[in-house]
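Peer 1: Sharing a model that was predicted from the sequence below.
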Amino acid sequence: MTRYWWKVLAVLILLYTIIAGLTIQIPMIGTNAESSRGLFFHVPMWIAMYTLFTISVVNSLLYLVKYDLKRDVAASSAANVGTFFGVLGFATGTLWATYTWGSTLPTDPKQMSTALALFIYMAYLVLRMSIQDIDKRARISAVFNVFAFALLIPLTYIIPRMVDSLHPGAGNTPGFSKDDTDHHMMMVFYPAMVGWALLGVWLYSLQMRYRKLELKNIFGNDRP
Amino acid sequence: MTRSAISPRFATKIFCIALKIGKTSFHNGCVKSIIFAPVKHSLHQIWTLVKKDILLEWRQQYAFFGILLYVVSTVFVINLMMGKPEEKTWNALFWVVQLFVSVNAIAKSFFQENRGRMLYFYSLVHPRHFIIAKLIYNLLLMSLMSLIVLLCCFIFLGNPLINFSYFFGVVILGGVSLSLVFTMLAAIAAQANQNAALMAIMGFPVIMPVLMLLGNVSRSAFTAVVQPGLPQMFVWLVGMDVLTIALALVLFPFLWSD
């Protein structure tokens, strides 16, 4: 119990957010109507993605310090799962945009910047595939990971906040928090962010353990 | 000579005083040899490497003329397809041509070094000096290429500019930004089996915000309308350049430890 309490917590929180997110009374804001419920499923995907990308870059940095291959496995697993959540976030976002903005892919700065973040991590995964030698792959992809993350991920987070966006709460579009007088939405929204981030970390740890088992002969027989 | 200029002797004196405060007394000459000799040595190394690249380029010249032909044919094709485009299209096409020219020009600078020669450099110089030399050389090369692209665009696509000197400055700044980012990416791609396609895959997402900023900033050269938030965009561009240099200096030694 001491080791996997957070997994239980993740399941409980996600059950709560899915049930409450679909049934709770929410305020009707502008053209959003019931589609505001997308907030509980769309934004947490980005939180999970950024969490996993941060884990990935921290592991890459640690790899460059100690050249421990386990760190490389961790970095690539986190990038994998992070990209998966990014794609999910993009999918939920476009689904919502189709009904609220009237177009699946309008040129919105936030959408563009997250697409960039996804492209970077896909390039990272392609880079990994292109190098066969395991040590060389670890070193070079770690360098690229740190370079791209430091150069761009903060930017994809900051720039969309400075320019006008179609997103609720940016530019001229009304946000949700003002009309949410009972704080019903926030009661679901904040736990949802924590829950999905925890699920992301869980998936990441599963993939990491699986990969370490695959590479058991290289790492030696100690417990992965 | 005004008194405001700080001479090297004065700087040495200040340093001596600082050392004395730290309860260590050094001779004037001793300080010079400790502080200035290594700096002078590394500057010499960097300069030699830059000179070697320029000399190599000057002797072979195939890269320069290859890129020149690339630029001219690209711009000529655009001219054949759409004649003289309007301002917005002109701007977009100019930066796209710049992007492809920089990928081609800079990819060469690392891919021309074969494995044996890299090993030779590795035994001679510190990796940081090597990357600084490459950054400087690519910066010079890309500035030159930017001017050639600009000239070609004027000849084949007409001149819709109102504020020429402003656009000229933006082009040089853009050339510098592109060359810095692509130098680091070329270094990574060169390690990954000299894969040029990989450089494009890695480079385009990273360079896209820079290109968007450059495209927005250069729009002021076409109209007399004042653009809001212009200084901030310049701060972003210069900030990204500084960050790129810092990251290259920190990360390149890891790439090189083969």
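Peer 2: Looks like it arrived, so ask away. Because the structure is predicted, anything quoted here is derived from the model rather than measured.
Peer 1: How many residues are close by A:Gly82?
Peer 2: 26 (other Cβ atoms under 10 Å in any protein chain shown). For the C-beta atoms, the positions are set from N, CA and C on the backbone; glycine is no exception.
Peer 1: excluding its backbone neighbours, what's nearest it?
Peer 2: Excluding the flanking residues, the one nearest A:Gly82 by Cβ to Cβ, 6 or more residues apart in numbering or on different chains is A:Leu52, at 3.3 Å.
Peer 1: Quick check: which element contains the residue of chain A found nearest chain B?
Peer 2: Nearest residue of chain A to chain B: A:Phe119, at 3.7 Å (Cβ to the nearest Cβ). Assessed by DSSP states H and E, A:Phe119 sits inside helix A:109-130.
Peer 1: just B:Pro85 next, same as before
Peer 2: Short version, using DSSP H and E: B:Pro85 is in no helix or strand.
Peer 1: Check what pLDDT it gets.
Peer 2: With respect to pLDDT, B:Pro85 scores 85.
Peer 1: Near the residue nearest to A:Gln25 when sequence neighbours are not counted, how many other residues are there?
Peer 2: Counting by Cβ to Cβ, 6+ apart, A:Gln25 lies nearest to A:His184, which is 6.1 Å off, once chain neighbours are set aside. A:His184 has 14 neighbours, counted by other Cβ under 10 Å.
Peer 1: same deal with A:Arg37?
Peer 2: For A:Arg37, using other Cβ under 10 Å, the count is 18.
Peer 1: Contact partners for it?
Peer 2: Applying Cβ atoms under 8 Å, 6 or more residues apart in numbering or on different chains, we find A:Arg37 in contact with A:Gly21, A:Leu22, A:Ile26.
Peer 1: So among those, where is pLDDT lowest?
Peer 2: Within the contacts of A:Arg37, pLDDT is lowest for A:Ile26, at 73.
Peer 1: Checking that one next. Helix, strand or coil?
Peer 2: Classification of A:Ile26 by DSSP: H, G, I helix; E, B strand; the rest coil places it in coil.
Peer 1: burial measure for it, as a count.
Peer 2: 21.
Peer 1: re the thing from before, just checking, the residue of chain A closest to chain B touches B:Phe204?
Peer 2: Yes. Shown here, A:Phe119 and B:Phe204 form a contact pair, counting by Cβ atoms under 8 Å, at 7.4 Å.
Peer 1: The two: which is more packed in?
Peer 2: A side-by-side neighbour count of A:Phe119 and B:Phe204, using other Cβ under 10 Å, places A:Phe119 first with 20 against 17.
Peer 1: how about low-confidence regions in the stretch 151-258 of chain B?
Peer 2: B:194, B:258 (pLDDT under 70).
Peer 1: Around chain A, pick out the residues from it.
Peer 2: B:181, B:184-185, B:188, B:191-193, B:195, B:198, B:201-202, B:204-206, B:208-209, B:229, B:232, B:236, B:240, B:243-244, B:247, B:251, B:254-255, B:257-258 (Cβ under 8 Å from any Cβ of the partner chain).
Peer 1: please redo it, this time with the cut-off set to 6 Å
Peer 2: By Cβ under 6 Å from any Cβ of the partner chain, the residues of the stretch 151-258 of chain B that approach chain A are B:188, B:191-192, B:195, B:198, B:201-202, B:205-206, B:208-209, B:247, B:251, B:254-255.
Peer 1: who touches B:Val103 in this structure?
Peer 2: The contact partners of B:Val103, taken as Cβ atoms under 6 Å, 6 or more residues apart in numbering or on different chains, number zero.
Peer 1: can you list the residues that contact whichever strand or helix holds B:Val217?
Peer 2: With secondary structure defined by DSSP H and E, B:Val217 is part of helix B:196-218. Helix B:196-218 has contacts (Cβ under 6 Å, 6+ apart) with A:116, A:119-120, A:123, A:126, A:130, A:148, A:152, A:155, B:91, B:95, B:107, B:167, B:170, B:174, B:177, B:181-182, B:185-186, B:189, B:192, B:233, B:236-237.
Peer 1: neighbours around B:Phe110, how many?
Peer 2: Neighbours of B:Phe110 (other Cβ under 10 Å): 21.
Peer 1: chain center to the helix or strand that contains it, what's the gap?
Peer 2: Assigned by DSSP H and E, B:Phe110 belongs to helix B:87-111. From the chain centre to the centre of helix B:87-111 is a distance of 13 Å (Cα atoms, centre = their mean, to the nearest Å).
Peer 1: ok, then the element right after the helix holding B:Val217?
Peer 2: In N-to-C order, the element after helix B:196-218 by DSSP H and E is helix B:230-256.
Peer 1: hang on, the earlier thing: pLDDT on the helix or strand just after the helix holding A:Phe119, on average?
Peer 2: Using DSSP H and E, the helix or strand that directly follows helix A:109-130 along the chain is helix A:134-162. Averaging pLDDT along helix A:134-162 gives 81.
Peer 1: cool, stretch B:64-78 as well?
Peer 2: On average, stretch B:64-78 scores 89.
Peer 1: what comes into contact with that stretch?
Peer 2: B:Leu93, B:Val97, B:Val101, B:Ala105, B:Ile148, B:Val149, B:Cys152, B:Phe156.
Peer 1: where does chain A dip in pLDDT?
Peer 2: In chain A (pLDDT under 70), the answer is A:1-2, A:29-33, A:106, A:157-166, A:168-183, A:220-224.
Peer 1: Now name the helix or strand holding the residue nearest to the spatial centre of it.
Peer 2: By Cα atoms, centre = their mean, chain A has its centre lying nearest to A:Met49, at 1.1 Å. If you go by DSSP H and E, A:Met49 is part of helix A:39-66.
Peer 1: by contact count, what packs against that helix?
Peer 2: Packing partners of helix A:39-66 (3 or more Cβ pairs under 6 Å, 6 or more residues apart in numbering or on different chains; DSSP states H and E): helix A:69-100, helix A:134-162, helix A:184-214.
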